[in-house]
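>>> A structural model of the following input is requested.
(chains A and B)
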Amino acid sequence: EPEVTQTPSHQVTQMGQEVILRCVPISNHLYFYWYRQILGQKVEFLVSFYNNEISEKSEIFDDQFSVERPDGSNFTLKIRSTKLEDSAMYFCASSGFGLAGGEQFFGPGTRLTVL
Amino acid sequence: TQLLEQSPQFLSIQEGENLTVYCNSSSVFSSLQWYRQEPGEGPVLLVTVVTGGEVKKLKRLTFQFGDARKDSSLHITAAQPGDTGLYLCAGGGSGGGADGLTFGKGTHLIIQP
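Numbers count the residues shown, from 1 in each chain, chains lettered A, B, ... in the order given. Model (predicted):
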């Protein structure tokens, strides 16, 4: 069964450093998303991406964040200068269509720890 | 801002009992998705409901979308220890694009043998 994959599973970084989180969405999906979940809190939407551009972003997704689809398979989230409060699980998701929200399938997540 | 409230937050019952958990909002959603999440893992999609009043069944799990598409419920019949987990509801936006989902905080379900 097709699934979303994410690498790395764990990332530890120093405050102020840049990190890139990687995702491989389900191969025939068209819409890609990033979410985050701070420990003990709910899953929060960051950004959606369609047709090689950002479709929607939340207030959390400020200038420190960027997304890219560098090739036909990978989808990345970059945090330019990490802060302590960026420590969270980051989930990538993809869906095959956008109407009515679509069915979004999530990856296993990357646990980011900022020291 | 759209919010989804899930209740109860925690539920612990004995194996074999029935239970219902709720997902409520003052906002209308174009779709409502239910996920199950294990600690340290990503949410796993259980079902999507899109039509007001829609009922879907997944073995012993029954999902219903409210007529006004503002609320949903998950009913489990004859709960088993394997049903233990965090159940999340998530609402889809107005549609027509790559809408981000709005998640509830979840219901932590424990089924005791």
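>>> relative to chain B, how far out is the residue nearest the centre of chain A?
Taking C-alpha atoms, centre = their mean, the centroid of chain A lies closest to residue A:34, which sits 2.9 Å from it. Relative to chain B, residue A:34 is positioned 9 Å away (criterion: C-beta to the nearest C-beta, to the nearest Å). Bear in mind the C-beta positions are built from the backbone N, C-alpha and C, glycine included.
>>> isn't that residue up against residue A:92?
Yes. With contact defined as C-beta atoms under 8 Å, residue A:34 reaches residue A:92; the gap is 5.9 Å.
>>> what residues does chain A have near chain B?
If contacts are counted using C-beta under 8 Å from any C-beta of the partner chain, the residues of chain A sitting beside chain B are A:4, A:31-33, A:35, A:41-50, A:55-56, A:58, A:89, A:91, A:95, A:98-109, A:111.
>>> now, those that are in helices?
Using DSSP state H to define helices, no part of these is located there.
>>> keep only those of the residues you listed that are in strands.
Taking DSSP state E, the ones among the residues of chain A next to chain B that sit in strands are A:31-33, A:35, A:44-50, A:55-56, A:89, A:91, A:95, A:105-106, A:111.
>>> mutual contacts of residue A:34 and residue A:92, please.
Taking C-beta atoms under 8 Å, 6 or more residues apart in numbering or on different chains as the criterion, residue A:34 and residue A:92 both touch A:21, A:23, A:77.
>>> still on that earlier bit, buried ones only from the ones in strands among the residues of chain A next to chain B, please, as a PyMOL command.
Here the buried members of these are turned into a PyMOL selection, burial being counted by 16 or more other C-beta atoms under 10 Å in any protein chain shown:
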select buried, chain A and resi 31+32+33+35+44+45+46+47+48+49+50+55+56+89+91+95+105+106+111
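>>> of the shared contacts of residue A:34 and residue A:92, closest to residue B:32?
Residue B:32 has its nearest neighbour among those in residue A:23, at 24.6 Å by C-beta to C-beta.
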